[in-house]
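Peer 1: Test case, fold it:
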Amino acid sequence: MRLTRFTDVALRVLMRLTVTAEGGDPPTTREVAATMQVPYTHAAKVVARLQHLGLVDARRGRGGGLTLTAAGRSASIGALVRQLEGPGEVVDCEGSAPCPLRSACRLRSALRQAEEAFYASLDPLTIDDLVASPTGPLLLGISRGRPAPG
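Peer 2: Predicted coordinates:
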C-alpha cells in the first residue's frame, strides 16, 4: 500500500500546524509549503481540502494564517487517510484489461484484508501522537528556520 502524495502532504501539514499551536503565530499556506518543501499550489489544494473537512481553519489578511481545529487535533489518522485516499482497491482486477483470475482469485481478498489491517493500525493514532518527541521538536525547529537538533 502506498499513500498518494496528497495524503502525505496533508498529514505533514497537520503535523506542522500542531507544533505551531504550541507556540507562535499561525503560518500562511506559503510558509507551510516552504517548510514542508512542497509546491505552493499543491499545499493550497491540500489546505482547502483540510479546511473543507473541518480540520484546519484558514484566515486571510493581517493576523490570519492556518490553525488546527479541535477536530483536527483529535482526528483518527486511519479515518483521515481513508477519507483522503478515497475508495478503491490495492489492485485493479476489473480495469481496462480485466484479470482472467478475478472470478476465483484469493489474492484480491487477501490484499483487501491487508489494506484494512493497515488502516486499523492507524485508527488509534491522532496528529498529537505523530508529533510526540522527537518529531515535534524537530518540526518546531524547522518551522522557525532553525537547524534540526543534532
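Peer 1: what's the closest non-adjacent residue to Asp123?
Peer 2: Gly78 (3.5 Å; CB to CB, 6 or more residues apart in numbering). (C-beta placed from N, C-alpha, C; glycine too.)
Peer 1: Same check on Glu85?
Peer 2: Glu85 sits nearest to Thr7 (CB to CB, 6+ apart), 5.7 Å away.
Peer 1: Looks to me like that neighbour is in a strand.
Peer 2: No. Assigned with DSSP: H, G, I helix; E, B strand; the rest coil, Thr7 falls outside any strand and is helix.
Peer 1: how many other residues sit next to it?
Peer 2: 19 (other CB atoms under 10 Å).
Peer 1: what residues are up against the residue nearest to Asp123?
Peer 2: Counting by CB atoms under 8 Å, 6 or more residues apart in numbering, Gly78 touches Tyr119, Ala120, Ser121, Leu122, Asp123, Pro124, Leu125.
Peer 1: could these be laid out in a markdown table, adding neighbour count, pLDDT and secondary structure?
Peer 2: Formatted as a markdown table, these follow (neighbours: other CB atoms under 10 Å; pLDDT from 0 to 100; DSSP: H, G, I helix; E, B strand; the rest coil):
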| residue | neighbour count | pLDDT | secondary structure |
| --- | --- | --- | --- |
| Tyr119 | 16 | 92 | helix |
| Ala120 | 10 | 95 | helix |
| Ser121 | 11 | 95 | helix |
| Leu122 | 17 | 95 | helix |
| Asp123 | 13 | 96 | coil |
| Pro124 | 10 | 96 | coil |
| Leu125 | 15 | 94 | coil |
